[in-house]
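> Mind looking at a prediction? Sequence and model below.
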Amino acid sequence: MMKKTKRILALTLTACSLLSLTACSGGKASETPTTEKQAAGETTAAEKTETAKGEGKREKLVISTYLADAAQVAVREKYIDGPLQEAFPDVDIEIKMYNDRQSLQVEVAGGGGPDILDLDGPTDVAEFAKADRVLALDDYAAKYGWQDMFYDWAYDSCFYNEKLFSLPTSFEGMVIYYNMDVMEENGWKKPETKDELITLMKEMKGKGIIPLSFGNSNYQGAVDWLYSTFTSCYAGPDVLRKALTGEGKFTDPKLTASIQTMVDWWTEGWLGDNASQSITNEDMMAFFAEGRAAMMINGTWASNQLNTTYPDCNWDSEMMPKDPEIGSILPFATGGGYSINANSKNPDLAAEVLNFLFTSMDRHYASINEAGYQPYPLKDFDISKLEGMDPKMFDQYQLLMDAQTNNQIGFCSWTFYPSDMRVYMNENVDSMFLGVLSVDDFMNKSQEYLDAALASGTAPVLPE
């Protein structure tokens with residue numbers, strides 16, 4: 001796995017990623033249902049809490065998150081910490097911050113770590129599950145009815161070796177952003193097709209404007225935003241699904257051509273101005289917001305930062321300009337995954353806390369409406385509850401909902417690609433950009449990792 005993940009980056013960039021804060025505590029989950037435990041004289045999580053209270057002790061739940069500034073912590077306290085403490089008044093809830101994913105992984109591997117782990121989506125969770133560091137949640141899912149709560153595509157992606165190891169923490173996707181001031185000043189219209197986009201990028205480049213802002217010098221893995229978009233939108237989700245499920249191959253000519261298109265756009269200077277390896281993610285956002293670049297391929301999570309850091313930026317977002325043979329596609333992902341640490345001493349209480357987070361809908365709607373958090377992928381999510389919020393943010397959420405309704409779903413790597421395959425791809429896209437690695441060699445090696453995952457049964461589940 002790369003040293004930094006998309007979720008780590010998002011946490012440093014926007015308050016919305018801080019939605020991934022939860023609480024939990026320990027030990028291996030018993031396969032005995034709660035009613036049978038009671039019959040056998042065993043105590044439930046709530047009973048343990050009451051016992052501890054009577055003995056003058058308090059349960060403690062530790063929640064993992066990554067470093068955040070004071071403003072982000074204040075938002076988190078309003079929408080996560082406070083509601084949790086109110087719902088669980090007899091539990092001490094600690095939010096423990098980590099510098100990076102590696103420090104969290106080391107602590108868990110050493111037999112410790114927080115009770116609830118906020119991880120970087122299904123591919124990240126799979127690494128912990130492979131090492132038996134997180135608990136299977138199937139019994140809790142049956143108890144709380146989680147399968148019926150989530151969209152199938154998001155819930156199914158949380159399985160590893162046919163067991164549920166996480167719950168999806170947000171509903172996000174890849175879109176193209178337009179700086180509308182730059183577009184209007186130059187008389188440019190938003191392109192509707194891939195060919196129109198290419199024509200527009202040539203004109204932008206000729207005027208000294210970076211067509212597509214991109215930089216990954218402080219987060220190499222940001223390239224997965226790109227290849228997730230190009231494979232989904234310009235090879236097509238049907239071809240990609242067949243490759244990822246083993247019905248086809250990742251070396252399919254259409255998938256190879258989509259990666260070649262990405263490399264060609266970088267080589268032309270349309271994507272990252274031939275300098276993405278020396279441009280930070282923060283610079284990428286600044287170039288776009290300040291008009292040095294006219295467009296940007298980024299996730300829906302970036303909208304909150306644009307509104308908070310660059311309030312004067314007149315931006316809009318859409319699905320990528322389409323290939324007419326494929327149609328408009330929006331690559332989907334879950335933004336993270338809540339897992340229960342295998343070292344936790346009270347997994348029952350941890351699961352109870354997770355269930356609260358996903359069922360306290362008034363809190364959830366307020367966090368989206370007032371703080372720009374990404375929505376949970378819940379079937380009962382009602383977008384009308386967001387009316388009156390920032391119109392650009394509302395339009396973006398509507399875009400996600402419409403894409404789902406119209407089956408225009410593509411597949412982001414951090415949710416639907418095998419973890420080892422994704423690691424290889426993230427670490428080697430820059431080599432293709434710089435001409436050190438051929439596209440064919442990149443695709444062949446990626447296929448090897450995919451084959452291994454399919455053979456071992458560890459490839460993520462894809463929606464039909």
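Alright, I've got the coordinates.
> rest of the way, CA atoms for contacts and neighbours
Fine.
> Low-confidence stretches in the stretch 1-150 of the chain?
Flagging of the stretch 1-150 of the chain using pLDDT under 70 yields the residue ranges 1-56.
> which residues in it form helices?
6-13, 34-39, 45-54, 70-76, 82-87, 101-109, 121-130, 138-144, 146-149 (DSSP state H, counting those that start in this stretch).
> swap in the stretch 251-400 of the chain?
Using DSSP H, counting those that start in this stretch, the helices assigned to the stretch 251-400 of the chain run over residues 253-267, 281-289, 302-309, 347-359, 361-371, 391-405.
> Among those, which comes closest to Pro237?
helix 253-267 (10.1 Å; CA to CA).
> Return the set of buried residues in that closest one.
Going by neighbour count (16 or more other CA atoms under 10 Å), the buried part of helix 253-267 is 254-263, 265-267.
> model confidence over it, on average?
For helix 253-267, the per-residue pLDDT values average out at 98.
> counting contacts, what elements does it pack onto?
If contacts are counted by 3 or more CA pairs under 8 Å, 6 or more residues apart in numbering; DSSP states H and E, helix 253-267 sits against helix 223-234, helix 237-245, helix 419-433, helix 439-456.
> So what angle separates the directions of that helix and helix 439-456?
Using axes from the mean of the first three to the mean of the last three CA atoms, to 10 degrees, the interaxial angle of helix 253-267 with respect to helix 439-456 works out to 130 degrees.
> distance between helix 253-267 and the chain's centre?
Between the centre of helix 253-267 and the centre of its chain there are 24 Å (CA atoms, centre = their mean, to the nearest Å).
> rewinding a little: mind putting the helices of the stretch 251-400 of the chain in a markdown table, distance to Thr65 included?
Putting the helices of the stretch 251-400 of the chain into a markdown table (distance: least, CA to CA, whole Å) gives the following:
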| stretch | distance to Thr65 |
| --- | --- |
| helix 253-267 | 33 |
| helix 281-289 | 20 |
| helix 302-309 | 19 |
| helix 347-359 | 15 |
| helix 361-371 | 17 |
| helix 391-405 | 25 |
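> between these, which one is nearest to Gly246?
That would be helix 253-267 among those, by CA to CA, at 14.0 Å.
> Give me the residues contacting that closest one.
When contacts are defined by CA atoms under 8 Å, 6 or more residues apart in numbering, helix 253-267 is touched by residues 226-227, 230-231, 234-235, 239-240, 250, 271-274, 432-433, 439-440, 443.
> Same check on stretch 446-462?
Residues outside stretch 446-462 that contact it (CA under 8 Å, 6+ apart): 122-123, 126, 153, 156-161, 241, 244-246, 249-251, 415-418, 420-421, 424-425.
> coming back round to it: select, out of the helices of the stretch 251-400 of the chain, the one closest to Val182.
Across the helices of the stretch 251-400 of the chain, the minimum distance to Val182, taken as CA to CA, is reached by helix 281-289, at 9.6 Å.
> returning to that earlier point: most tightly surrounded among the helices and strands packed on helix 253-267?
With neighbours taken as mean count of other CA atoms under 10 Å, those reach their highest mean count in helix 223-234, at a mean of 24.
> between that one and helix 253-267, how many degrees?
Going by the same axes, to 10 degrees, helix 223-234 is angled at 130 degrees with respect to helix 253-267.
> which other helices and strands contact helix 223-234?
Packed against helix 223-234, as judged by 3+ CA pairs under 8 Å, 6+ apart, are the following elements: helix 237-245, helix 253-267, strand 293-299, strand 330-334, strand 409-411, helix 413-416, helix 419-433.
> quick one: which of these is nearest Asp316?
When those are ranked by distance to Asp316, counting by CA to CA, first place goes to strand 293-299 at 9.6 Å.
> In CSV, could you pull the C-alpha coordinates for the closest one?
What follows is strand 293-299, C-alpha atoms only, in CSV (Å, rounded to 0.1, in the frame of the first residue of the first chain):
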residue,chain,number,x,y,z
ALA,A,293,-5.8,26.0,-14.9
ALA,A,294,-9.2,25.9,-16.4
MET,A,295,-10.3,22.4,-15.4
MET,A,296,-9.5,19.6,-12.9
ILE,A,297,-10.3,15.9,-12.6
ASN,A,298,-11.0,15.4,-8.9
GLY,A,299,-13.3,13.7,-6.5
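> That one pairs with which strands, and in what direction?
strand 171-179 (antiparallel), strand 210-213 (parallel) (DSSP bridges).
> Any idea which of these gets closest to Ser384?
Across the strands paired with strand 293-299, Ser384 has its closest neighbour in strand 171-179 (16.5 Å, CA to CA).
> where does Ile326 fall, phi/psi-wise?
Torsion angles at Ile326 (phi, psi; degrees, to the nearest 10) stand at phi -110, psi -40.
> which residues touch it?
Contact criterion CA under 8 Å, 6+ apart gives Cys233, Tyr234, Ala235, Gly236 as the residues in contact with Ile326.
> From Ser103, how far off is the last one?
Between Gly236 and Ser103 the computed distance is 37 Å (CA to CA, to the nearest Å).
> Show me which of the two is the more surrounded one.
Each of Gly236 and Ser103 has its neighbours counted (other CA atoms under 10 Å); Gly236 has more, 25 against 12.
> and the gap between the spatially closest residue to the more buried one that is not a sequence neighbour and Ala235?
Of all residues beyond its chain neighbours, the one nearest Gly236 is Ile326 (5.9 Å), with distances taken as CA to CA, 6 or more residues apart in numbering. As defined by CA to CA, Ile326 lies at a distance of 8 Å from Ala235.
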